[in-house]
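J.: Pasted the sequence and its predicted model underneath.
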Amino acid sequence: MQAQVTPRRGGAGFIWQWGAIFGVILGIIQIMLSLVHLGGIGTLIEVIIWLVGFFLIGMFASSQTGRVGTGALVGLVTGLIGGVISVIWDAIQIAANGPLISQALNQATQNAQQQGQNLSSSELHSIVVAGIIVGLVIVVAFQLGLGAGIGALGGLAGRGRARSATATTPAAGSMWTPPPSAPSPYGQPPYAPPAGPSPYGQPPYPPSPGPSQPQE
């Protein structure tokens, strides 16, 4: 069995993993709000949710690494994923309302021709399609910039939390220190005789009696 690889904090895997998770969450929230049809209030709520979400994402990421850049990068990826989800959802809505849009464009072409403007229906369709594409690209670019900027602000707060947590965490191995060995109650140990026979044939010199040895 292979060991599970955990993304390194602050690495590319960490940034893409959390950016994708938060981007999907924010994208789903935006889709749910668009289904409610709250009008201008719904748009304001969406903007607030994105701002708060980017800030919290940046704060979380920087609290894991202690670097502001991590919060900005995770916010950038979150904006990218969330922006792509928004573009896909908008494209689905445009395709679902295709007949109504075509009818409105044809009516606009007839009104323009009645006013003496030489504008064909195909030209108007091309202009509208180009405008939709440019608008969707602007939405993604705006969310990228917003995610990086607000994520960096959240990273400032997250970096402070990481520093305070590091300062209050004791270093490894400092919780317990073994006590020093107790000193001998009689000072230095008595002289130990050398092992083996004496090279001069005499028995080794007997050790001097210690304080605990009685005199003969």
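T.: Received, thanks. Numbers count the residues shown, from 1 in each chain.

J.: Out of the helices and strands in this structure, which is least certain?
T.: Ranking every helix and strand in the chain by mean pLDDT, DSSP states H and E puts helix 98-114 at the bottom, with a mean of 79.

J.: Just the mean pLDDT for whatever helix or strand residue 146 lives in, thanks.
T.: Assigned by DSSP states H and E, residue 146 belongs to helix 121-168. Mean pLDDT, helix 121-168: 83.

J.: Distance of residue 120 relative to residue 133?
T.: Noted for residue 120: a distance of 20 Å to residue 133, by CB to CB, to the nearest Å. (Each C-beta comes from the backbone N, C-alpha and C, glycine too.)

J.: next one: residue 71
T.: 31 Å.

J.: Neighbour count for the two, which is higher?
T.: The neighbour comparison of residue 71 against residue 133 (other CB atoms under 10 Å) goes to residue 71, with 33 against 12.

J.: Okay, angle between the helix holding residue 146 and helix 98-114 too, please.
T.: Here helix 121-168 runs at an angle of 130 degrees relative to helix 98-114 (axes from the mean of the first three to the mean of the last three CA atoms, to 10 degrees).

J.: Verify the contact between residue 148 and residue 72 for me.
T.: Yes: using CB atoms under 8 Å, residue 148 is in contact with residue 72, at 4.9 Å.

J.: neighbours around residue 22, how many?
T.: Neighbourhood size, residue 22 [other CB under 10 Å]: 26.

J.: Repeat that for residue 157.
T.: A count of nearby residues for residue 157, using other CB under 10 Å, gives 17.

J.: so what's it up against?
T.: 55, 59, 62 (CB atoms under 8 Å, 6 or more residues apart in numbering).

J.: how close does the last one sit to residue 101?
T.: Applying CB to CB, the value for residue 62 to residue 101 is 44 Å.

J.: go on, the first one?
T.: When CB to CB is applied, the distance between residue 55 and residue 101 equals 36 Å.

J.: Compare those two and say which is more crowded by neighbours.
T.: More crowded of residue 55 and residue 101, by other CB under 10 Å: residue 55, with 21 against 15.

J.: and the host helix or strand of that one, what does it pack onto?
T.: Using DSSP H and E, the element containing residue 55 is helix 40-65. Under the contact definition 3 or more CB pairs under 8 Å, 6 or more residues apart in numbering; DSSP states H and E, helix 40-65 sits against helix 12-36, helix 68-96, helix 121-168.

J.: Give me the nearest residue to residue 128, chain neighbours excluded.
T.: Nearest residue to residue 128, sequence neighbours excluded (CB to CB, 6 or more residues apart in numbering): residue 105, at 6.3 Å.
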